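Engineer: how would this look folded up:
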Amino acid sequence: MAKGYKVNDPIDIRIRCDGNPASDNPTIVVYDEVDDTFATLTIGAGLTQVGTTRLVKGVFTPDNIGEWSAYATDDTGMEIVKGYSVGNYSILSIGAKVATLEAKSDAQDVQIAANQAAVIAGQAAVAAAITAQDAQMVANQAATIAAIATLSGGGGHFA
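Structural biologist: Prediction:
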């Protein structure tokens, strides 16, 4: 099973209370991988009301791999249970690593395309140089033939 959270990384807990968190005493009890009480969060002791909303937030940091849970209650009878699958890695960190690898791969693709363009340009330059050398060789041959013709008196044979 994929682990959504990483051991020793903080986990944010957010719940929406049924009543007013300022007066209805919301409490979140965090249970560890063996269902022992790990932390108890209350307003002012690890739990904070978000503005004047019914939302409260807290944080805990799991110290072992396993299935963790948080049980939220308040004086109005609200009961919420949330589960947290904790491993040696988190899905978010894996996603970040994949994004980094994709970016590196994209950069390598760009570099490969640039290298291919440079090779093609180099091949074109070599082809142009060969064509220029061929033209020079033809011109040299024509000049040599003309010189031989002049030396032979125009008959093509040496006297």
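Engineer: what pLDDT does the spatially most central residue of the chain get?
Structural biologist: Closest to where the C-alpha atoms of the chain average out (Cα atoms, centre = their mean) is residue 99, at 1.8 Å. Residue 99 is assigned 73 on the pLDDT scale.
Engineer: remind me which helix or strand it belongs to.
Structural biologist: Element membership of residue 99 [criterion: DSSP states H and E] is helix 91-151.
Engineer: count the neighbours of residue 13 for me.
Structural biologist: Residues within reach of residue 13, counting by other Cβ atoms under 10 Å, total 20. C-beta here means a position set from N, CA and C on the backbone, and glycine is covered the same way.
Engineer: just the element for it, please.
Structural biologist: Using DSSP H and E, residue 13 maps to strand 11-16.
Engineer: ok now that strand, how far from the chain's centre?
Structural biologist: Taking Cα atoms, centre = their mean, to the nearest Å, one finds the center of strand 11-16 at 27 Å from the center of the full chain.
Engineer: each with direction, which strands does that strand pair with?
Structural biologist: strand 55-60 (antiparallel) (DSSP bridges).
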